[in-house]
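In: Model the structure of this input:
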Amino acid sequence: MLQHRNCISISTQGVDASERHAFWVDMVCAHLVRVNCLEVAQRSRFFGHIDQRQIGALSISRVRSQAQRVRLTPKFIAQASQEHVLVNIQRRGRSVVRQDGREAVLQPGDMALYTSDHPYELAFDAGFEQHVLILPAQLVRDRVPDLHRVTATTLSCAHPTATLLRHAAEILSSDQGSVSTDVLGHVACELIVGCAAEIVDKAPQGSGSSPVMWSSKTEQAGLPAPPDTLQRPTPRERAILELTAKGYSYVEIADRLGVSVNTVRTHVRGLYGKLGAENRTEAVFEAQRVGWLA
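Out: Sure, this is the predicted structure:
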């Protein structure tokens, strides 16, 4: 890691292949937002790089990396001391932001906002590059009280305010100490507030609890299918889900419920299908996200 004034450069280059994943998780948690679920593809060949600047209250990072999936779950939300608004501006590749029952699919030039006080998922199906802007949420919430209604909403590359914010991010991430940096940082903060306000103005009432709108692009990318909100868990499935979330093994669950291990496995497969999950971690996360777990 290299550091100069308010600038930090972090890279997995030079890190032993067996340690790159752990190193990347530590760096993401330390310099972006602390998350407790980060999956990457091809761990032995993984590459990630972060260039970050702090300009007043605004943190701006340029992130370049390979395919991965990032999740913030209730465990870490409860441990956080401050809430943040995050803005992802896609520079290369594509990504998906999921939060509050919505999904934003980002192509180069697109952007989306999300917050660190609700569970979220970021999915990157291939190599990508993004700008990530982080701002204390209170600076936005003071002027946009309905902040929960702006999350995971795509602002396309053609949107005027988003275009201005994208240009500001490009300048700030490449600037080497211009006297206008503080001013431009303030402008970027104002543009974030402006984008949030515009989304709220256009969002229908009650949009915060609307179901996720999954696109064909998501299916083509091989990302997990969405949970079918019409297929609720049976009482037995819910009991197994709650014990799974507490960390019990299949044998322990079977013993507690007085059923066979094969019965537990059958119900777990049913839960995976309803939640669009591939493993226990995903099942618990999705169940929390859709309200099946407290």
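In: do you know how far the residue of the chain most remote from its centre is from Glu242?
Out: The outermost residue of the chain relative to its centre, with distances by C-alpha atoms, centre = their mean, is Gly258 at 38.4 Å. Plainly put, Gly258 is 16 Å away from Glu242 if you go by C-beta to C-beta, to the nearest Å. (Glycine included, C-beta is placed from N, CA and C.)
In: I'd guessed Gln99 sits against Leu122; true?
Out: No: using C-beta atoms under 8 Å, Gln99 makes no contact with Leu122, being 9.3 Å away.
In: the helices in the stretch 1-150 of the chain, which residues?
Out: Assigned by DSSP state H, counting those that start in this stretch, the helices in the stretch 1-150 of the chain fall at 20-31, 74-79, 137-141.
In: Go ahead and name everything in contact with the longest one.
Out: Outside of helix 20-31, the residues that reach it under the criterion C-beta atoms under 8 Å, 6 or more residues apart in numbering are 1, 8, 10, 12, 15, 35, 38, 40, 43-44, 46-48, 50, 52, 61, 65, 70.
In: how about 6 Å then?
Out: 10, 12, 15, 38, 40, 43, 46, 48, 52 (C-beta atoms under 6 Å, 6 or more residues apart in numbering).
In: Which of these are buried? Put it as a ChimeraX command.
Out: Selecting only the buried entries of these in ChimeraX, with 16 or more other C-beta atoms under 10 Å as the criterion:
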select :10,12,15,38,40,46,48,52
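In: Name the nearest of the contacts of helix 20-31 relative to Pro235.
Out: Leu38 (33.5 Å; C-beta to C-beta).
In: wait, what's in contact with Trp44?
Out: For residue 44 the amino acid is Ser, not Trp. Ala17.
In: and the helix or strand encompassing Gly273, what's its mean pLDDT?
Out: Gly273 is part of helix 261-275 when elements are defined by DSSP states H and E. Mean pLDDT, computed over helix 261-275, is 89.
In: Quick check: next helix or strand after that helix?
Out: Taking DSSP H and E, what comes next after helix 261-275 is helix 280-289.
In: the inter-axis angle of that next one versus helix 261-275?
Out: Counting by axes from the mean of the first three to the mean of the last three C-alpha atoms, to 10 degrees, helix 280-289 lies at 50 degrees to helix 261-275.
In: Flag every buried residue along helix 280-289.
Out: Going by neighbour count (16+ other C-beta under 10 Å), the buried part of helix 280-289 is 280, 282-289.
In: just stretch 28-40 next, same as before
Out: For stretch 28-40, burial by neighbour count (16+ other C-beta under 10 Å) applies to 28, 31-33, 35-40.
In: Check stretch 181-191 too.
Out: Quick answer for stretch 181-191 (16+ other C-beta under 10 Å): 181, 184-185, 187-191.
In: okay if I get those as JSON lines plus distance to Arg141, pLDDT and secondary structure?
Out: Output for the buried residues of stretch 181-191, formatted as JSON lines (distance: C-beta to C-beta, whole Å; pLDDT from 0 to 100; DSSP: H, G, I helix; E, B strand; the rest coil):
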{"residue": "Thr181", "distance to Arg141": "25", "pLDDT": "83", "secondary structure": "helix"}
{"residue": "Leu184", "distance to Arg141": "23", "pLDDT": "88", "secondary structure": "helix"}
{"residue": "Gly185", "distance to Arg141": "19", "pLDDT": "91", "secondary structure": "helix"}
{"residue": "Val187", "distance to Arg141": "20", "pLDDT": "93", "secondary structure": "helix"}
{"residue": "Ala188", "distance to Arg141": "17", "pLDDT": "94", "secondary structure": "helix"}
{"residue": "Cys189", "distance to Arg141": "13", "pLDDT": "95", "secondary structure": "helix"}
{"residue": "Glu190", "distance to Arg141": "15", "pLDDT": "95", "secondary structure": "helix"}
{"residue": "Leu191", "distance to Arg141": "16", "pLDDT": "95", "secondary structure": "helix"}
